[in-house]
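A.B. asks: sequence and computational prediction follow.
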Amino acid sequence: GESVGLHLPTLSVQEGDNSIINCAYSNSASDYFIWYKQESGKGPQFIIDIRSNMDKRQGQRVTVLLNKTVKHLSLQIAATQPGDSAVYFCAENSNNNDMRFGAGTRLTVKP
Amino acid sequence: KAGVTQTPRYLIKTRGQQVTLSCSPISGHRSVSWYQQTPGQGLQFLFEYFSETQRNKGNFPGRFSGRQFSNSRSEMNVSTLELGDSALYLCASREWTTRTDTQYFGPGTRLTVL
């Protein structure tokens, strides 16, 4: 069936390095994508979104890239900090307003 | 604006009991969605309410139900609790604009079934 999934369940990076978290989706009808960050003991927090008519969107230290050809979404975090340690989820929304989430990637930042 | 609030934050129940969780969305948001989160399962959609009507429903048994009040506050109920119902239950209020469709999550209710 159609699903949203993540390539890697865990990612460990050195403080100051850039992080890249990947997400694959299979529903070609999805037209809106969101990245969420979830810290321990908290609910997911919105980071950045992108519509399917865009390839790239930048925020503060974060960039989301969308490759519709291969149905791939990535989140890039520049100069990763210890406070970035969390689980990151991608989510997709298709025309039927069904928001679906990936399993999540745990990012660990080493000092 | 105040964020999404959920009560209680922690709950311990025994098998066979029932439980009611409460969620207050961000002021002005009329849509509330509920999710179950367990280790390794990610976020699983339970149901969504909009203007007091259930608009979408996930693949959960009928023991899971919900409702929404006229002030947009929502409750979910789980009857005849099972050990597997132990999870973090998240509520999200939803905001649509012409360009975005974003869900804002509450801190969750951690339910433990013994």
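C.D. replies: Structure received.

A.B. asks: CA atoms for contacts and neighbours, from now on please.
C.D. replies: OK.

A.B. asks: does residue B:44 really touch residue B:36, like I thought?
C.D. replies: Yes - with contact defined as CA atoms under 8 Å, residue B:44 counts as touching residue B:36 (5.2 Å).

A.B. asks: report the separation between the spatially closest residue to residue B:54 that is not a sequence neighbour and residue A:33.
C.D. replies: Excluding the flanking residues, the one nearest residue B:54 by CA to CA, 6 or more residues apart in numbering or on different chains is residue B:48, at 5.8 Å. Using CA to CA, to the nearest Å, residue B:48 is found at 19 Å from residue A:33.

A.B. asks: pLDDT below threshold where in chain A?
C.D. replies: Counting by pLDDT under 70, chain A has low-confidence residues at A:1-8, A:95-97.

A.B. asks: now the strands: where do they sit in it?
C.D. replies: Using DSSP state E, the strands of chain A run over residues A:4-6, A:10-14, A:19-25, A:32-38, A:45-51, A:56-58, A:62-67, A:72-77, A:86-93, A:99-101, A:105-110.

A.B. asks: got it, and chain B?
C.D. replies: Using DSSP E, strands in chain B cover B:5-7, B:10-13, B:19-24, B:31-38, B:42-50, B:53-57, B:64-68, B:74-78, B:87-96, B:101-105, B:109-113.

A.B. asks: would you turn these into a markdown table with mean pLDDT and distance to residue A:51?
C.D. replies: Converted to a markdown table, the strands of chain B look like this (pLDDT from 0 to 100; distance: least, CA to CA, whole Å):
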| stretch | mean pLDDT | distance to residue A:51 |
| --- | --- | --- |
| strand B:5-7 | 97 | 28 |
| strand B:10-13 | 96 | 36 |
| strand B:19-24 | 98 | 28 |
| strand B:31-38 | 92 | 21 |
| strand B:42-50 | 89 | 21 |
| strand B:53-57 | 90 | 22 |
| strand B:64-68 | 97 | 30 |
| strand B:74-78 | 98 | 29 |
| strand B:87-96 | 91 | 13 |
| strand B:101-105 | 86 | 10 |
| strand B:109-113 | 97 | 31 |
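
A.B. asks: burial of the closest residue to residue A:18 other than its chain neighbours, as a residue count?
C.D. replies: In this structure, residue A:18 finds its nearest non-sequential neighbour in residue A:78, 4.6 Å apart by CA to CA, 6+ apart. Neighbour count for residue A:78, taken as other CA atoms under 10 Å in any protein chain shown: 15.

A.B. asks: same check, this time on the one 5 residues further on
C.D. replies: Using other CA under 10 Å, residue A:83 has 10 other residues around it.

A.B. asks: for the one 5 residues further on, same thing?
C.D. replies: The tally of other residues near residue A:88 (other CA under 10 Å) stands at 27.

A.B. asks: who's in contact with it?
C.D. replies: Contact analysis of residue A:88 by CA atoms under 8 Å, 6 or more residues apart in numbering or on different chains lists A:21, A:35, A:36, A:37, A:38, A:104, A:105, A:106, A:107.

A.B. asks: over to residue A:91?
C.D. replies: So residue A:91 contacts A:4, A:33, A:34, A:35, A:36, A:99, A:100, A:101, A:102 (CA under 8 Å, 6+ apart).

A.B. asks: which of those sit farthest apart?
C.D. replies: Within these, A:4 and A:36 form the most distant pair, 13.7 Å apart (CA to CA).

A.B. asks: those two: which has the busier surroundings?
C.D. replies: Taking neighbours as other CA under 10 Å, residue A:4 and residue A:36 compare with residue A:36 leading, 23 against 19.
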